[in-house]
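Asks: what's the 3D shape of this:
(chains A and B)
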2 protein chains.
Amino acid sequence: MDLYAASVVPMKKMLGNLDRWLEAGLAHAAKRSFDPAVLFTSRLAPDQFPLSRQVQAACDAAKAAAARLTGQEQPKHPDTEQTMDELRARIRTCVAYLDTFAPADFEGADTRLLELPFLEGKVMLGRDYLHEMALPNFYFHVTTAYSILRHNGVELGKRDYIGALSVRDR
Amino acid sequence: MDLYAASVVPMKKMLGNLDRWLEAGLAHAAKRSFDPAVLFTSRLAPDQFPLSRQVQAACDAAKAAAARLTGQEQPKHPDTEQTMDELRARIRTCVAYLDTFAPADFEGADTRLLELPFLEGKVMLGRDYLHEMALPNFYFHVTTAYSILRHNGVELGKRDYIGALSVRDR
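Replies: All right, here's what the predicted structure looks like:
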């Protein structure tokens, strides 16, 4: 299994999409003359993370997946963002980190045994971690960020969510 | 790449999780004495699908991924559900369809050229379709269904979203 193609590639692409949704949120706030901080702090349930934390968590999910699958130490990206623009910079920081990986770094990732903080002494195979935890968790935060923006009237649609596709001539 | 392990396995698991969230929604409605139809028709934005359609779309995304990657004709699962219990039955129908697949059916799926209705005459490689379209789209609908339930006060948390993990002894 090529876990690079299954993790870093789609996560980088989706983080680029997420950045464009935040940009659309800023444009929406400007057009409707409200403070973008309303979006930054908006959430779908009182005990669910707001937009800011959803974006930070999406970045952390991508960072953690790449680092864990390749046996690297994760760089610290502290949650210090206070504005939508700073959230967009956080995404760029995460994408720049993902850019440091090459497919060859993922050799053996499939069967690598991962010790994870939430596993209480147990381990997971790299491929199980990717499919059962890393990808669902990443898409959870990305989709929830998208839904918070949609809930607040930002004009986004499914094509913005999916983004560009690698199409070929027949 | 083992596209069976990357598609059918996690999608089946997540559809089982989704079924349990609907069950929790029914329990929440009973406890708070409101009609579960409120959840069935609830949505996060006026022009976004309600819970019912999110569940149907999650099922369709899983069905389409398995069928397309293996070159099979998709069975028709019409959107006739009217209740939460019927949505749960729809999930079971989809999981039963996914149960008909074996890993060997996905041989060559990686580089299979897919003609898809939204590609306007172009094609996509199976692996690109899976990572750029099928998985993000599936998790989009699953997560949005989860968020609609959370938005309506159903007591769910991240562990309910992620579900069981394939952990091993060290």
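
Asks: Not counting its neighbours along the chain, what's nearest the residue positioned nearest the centre of chain A?
Replies: Central residue of chain A (Cα atoms, centre = their mean): A:A58, 3.0 Å from the mean position. Leaving aside its sequence neighbours, A:A58 sits nearest to A:H141 (Cβ to Cβ, 6 or more residues apart in numbering or on different chains; 3.8 Å). All C-beta atoms are positioned from the backbone trio N, CA, C, and that covers glycine.

Asks: Is the one you found in contact with A:A61, as I believe?
Replies: Yes - counting by Cβ atoms under 8 Å, A:H141 does reach A:A61; the two are 6.1 Å apart.

Asks: re the thing from before, which helix or which strand is home to the residue nearest to A:A58?
Replies: Applying DSSP states H and E as the criterion places A:H141 in helix A:135-151.

Asks: Run the angle between that helix and helix B:135-151 for me.
Replies: For helix A:135-151 against helix B:135-151, the angle by axes from the mean of the first three to the mean of the last three Cα atoms, to 10 degrees is 60 degrees.

Asks: A:H28: what's it in contact with?
Replies: A:L149, A:N152, A:G153, A:V154, A:E155 (Cβ atoms under 8 Å, 6 or more residues apart in numbering or on different chains).

Asks: Let's see that with 7 Å instead.
Replies: A:G153, A:V154, A:E155 (Cβ atoms under 7 Å, 6 or more residues apart in numbering or on different chains).

Asks: Ok, A:R168 next?
Replies: Here A:R168 is in contact with B:K122, B:V123, B:M124 (criterion: Cβ under 7 Å, 6+ apart).

Asks: interface residues of chain A facing chain B?
Replies: A:1-2, A:5-6, A:9-10, A:13-14, A:44-45, A:48, A:119, A:121-124, A:127-128, A:131-133, A:135-137, A:139-140, A:143-144, A:147, A:150-151, A:161-162, A:165-170 (Cβ under 7 Å from any Cβ of the partner chain).

Asks: what comes into contact with the helix or strand hosting the residue nearest to the centre of chain A?
Replies: Counting by DSSP H and E, the element that carries A:A58 is helix A:51-70. Helix A:51-70 has contacts (Cβ under 7 Å, 6+ apart) with A:3, A:7-8, A:11, A:15, A:18, A:39-42, A:49, A:73-74, A:77, A:79, A:81, A:87, A:90-91, A:94, A:97-98, A:101, A:105-106, A:109, A:112, A:114, A:126, A:129-130, A:134, A:137-138, A:141-142, A:144-145, A:148.

Asks: So which bits of that helix are buried?
Replies: A:51-66, A:68-70 (16 or more other Cβ atoms under 10 Å in any protein chain shown).

Asks: Could you do stretch A:103-110 as well?
Replies: So stretch A:103-110, judged by 16+ other Cβ under 10 Å, has buried residues A:D105, A:F106, A:A109, A:D110.

Asks: which of the residues you listed sit farthest apart?
Replies: Longest distance between any two of the buried residues of stretch A:103-110 is 12.8 Å, between A:D105 and A:D110; criterion Cβ to Cβ.

Asks: For chain A, give me the ranges with low pLDDT.
Replies: Within chain A, the stretches with pLDDT under 70 are A:1.

Asks: Which residue is the nearest non-sequential neighbour of the residue of chain A found nearest chain B?
Replies: Relative to chain B, the nearest point of chain A is A:Y139 (3.4 Å; Cβ to the nearest Cβ). Excluding its sequence neighbours, the residue lying closest to A:Y139 (Cβ to Cβ, 6+ apart) is B:Y139, at 3.4 Å.

Asks: gap between the one you found and B:L18?
Replies: 11 Å (Cβ to Cβ, to the nearest Å).

Asks: And these two? Which one has more around it.
Replies: B:L18 (26 against 23; other Cβ atoms under 10 Å in any protein chain shown).

Asks: so that one, which of the three states?
Replies: Look at B:L18: counting by DSSP: H, G, I helix; E, B strand; the rest coil, its state is helix.

Asks: and it, what does it touch?
Replies: Residues counted as contacts of B:L18 (Cβ under 7 Å, 6+ apart) are B:V55, B:A58, B:I91, B:V142, B:A145.
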